[in-house]
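*Asks:* the following comprises the amino acid sequence and a computationally predicted model.
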Amino acid sequence: MKAMIFAAGLGTRLRPLTDNMPKAMVPVAGKPMLQRVIENLAHYGFHDIIVNVHHFGEQIIDFLAKNDNFGQNIVISDERGLLLDTGGGILAARQWLDDGVPFIVHNADILTTLDLSAMYQHHCASNADATLLVKSRITERYLLFDNNNQLQGWINKKTGETRPNGFDITSQEYQEFAFGGIHIISPTIFNALDGYTNEAKFSITPFYIDRCHDLTIQGYNPSKYEWFDIGRHETLTLANEFYGKQK
């Protein structure tokens, strides 16, 4: 099974740690978070892995080469010339991903005990175009799902803005979830991605929202697993404490 790891981010909220290293190389309980994600993906059967790089990308390339790719089949999607964001990054890696089989996309700064194989099998059984890990947590911006866990729209609670255009939030009750940084994607979305924007750099989340009535985008909200978004020093501390106890 194939996976793509987003490891190109600037990691501005983790400064000064990321002043001299990519965010994906920030250690969590003694291991770079990228290594932890790779090892976890491999544990669940994802052995063909694409890693995109930008900020201090050569450090990631050298780290993987030095460790023989941790025994996995890893290729680099090189964005050192231009950071493409999540949607542009997926489209740039199409040559490795578009083979008719669903693949997982995983942020390098997300660490979790979630059963990724179960999520993948759920996606395959559903025939969805994309399955998004979602969580009930406090934020300003929510993805809105119907009772069948199908994405219907988005709202910014602070400004009242909604998407997609013409979305009537008053038409029914919606479940409010935040995106968890892991998604399973079927290659059926590539044609839609091709025509979404003329820009090389774009985010995948607005694409999901804007095309949710044309594609089948579903939420996946399991229970009883640990999840850390290591984009801030506070959550890095929590992850260090949790993974430090797993040794």
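*Replies:* Nice, thanks for sending it over.
*Asks:* and the helices in the protein, which stretches?
*Replies:* Secondary structure of the chain (DSSP state H): helices at 33-43, 57-66, 85-92, 94-97, 116-126, 190-194, 204-210, 233-244.
*Asks:* which of the residues in the first one are buried?
*Replies:* Okay, so that is helix 33-43. 33, 34, 35, 36, 37, 38, 40, 41 (16 or more other CB atoms under 10 Å). For every residue, glycine as well, the C-beta is placed using N, CA and C.
*Asks:* looking at the residues you listed, which one is closest to residue 109?
*Replies:* residue 33 (6.1 Å; CB to CB).
*Asks:* picking that back up, put together CSV for the buried residues of helix 33-43, with pLDDT and distance to residue 20 on each row.
*Replies:* As requested, those are arranged in CSV below (pLDDT from 0 to 100; distance: CB to CB, whole Å):
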residue, pLDDT, distance to residue 20
33, 96, 16
34, 98, 16
35, 98, 18
36, 98, 20
37, 98, 21
38, 98, 22
40, 98, 26
41, 98, 27
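*Asks:* quick revisit: which among the helices of the chain is found nearest to residue 21?
*Replies:* Comparing the helices of the chain by CB to CB, helix 57-66 comes nearest, at 6.0 Å.
*Asks:* what pLDDT, on average, does the closest one get?
*Replies:* The average of the pLDDT scores along helix 57-66 is 97.
*Asks:* how distant is that helix from the center of its chain?
*Replies:* 21 Å (CA atoms, centre = their mean, to the nearest Å).
*Asks:* who does it touch, helix- and strand-wise?
*Replies:* Contacts defined by 3 or more CB pairs under 8 Å, 6 or more residues apart in numbering; DSSP states H and E place helix 57-66 against strand 48-53, strand 73-78.
*Asks:* show me what contacts the nearest residue to residue 120 once chain neighbours are set aside?
*Replies:* Spatial nearest neighbour of residue 120, excluding adjacent residues (CB to CB, 6 or more residues apart in numbering): residue 184 at 5.6 Å. Under the criterion of CB atoms under 8 Å, 6 or more residues apart in numbering, the neighbours of residue 184 are 102, 103, 104, 105, 119, 120, 123, 130, 131.
*Asks:* can you list the low-confidence ranges for this structure?
*Replies:* Residue ranges of the chain with pLDDT under 70: 247.
*Asks:* what about the longest strand in it?
*Replies:* Looking across the chain with DSSP state E, the single longest strand is strand 175-185.
*Asks:* alpha carbons of it, as PDB, please.
*Replies:* Output of strand 175-185 as PDB, limited to C-alpha atoms (Å, rounded to 0.1, in the frame of the first residue of the first chain):
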ATOM      1  CA  GLN A 175     -22.100  17.400  12.700                       C
ATOM      2  CA  GLU A 176     -19.200  19.700  13.400                       C
ATOM      3  CA  PHE A 177     -15.700  18.100  13.100                       C
ATOM      4  CA  ALA A 178     -12.100  19.300  12.800                       C
ATOM      5  CA  PHE A 179      -9.800  17.600  10.300                       C
ATOM      6  CA  GLY A 180      -7.200  15.300  11.800                       C
ATOM      7  CA  GLY A 181      -4.400  15.500   9.300                       C
ATOM      8  CA  ILE A 182      -4.800  12.000   7.900                       C
ATOM      9  CA  HIS A 183      -6.900  11.100   4.800                       C
ATOM     10  CA  ILE A 184      -7.300   8.200   2.400                       C
ATOM     11  CA  ILE A 185      -7.700   9.200  -1.200                       C
END
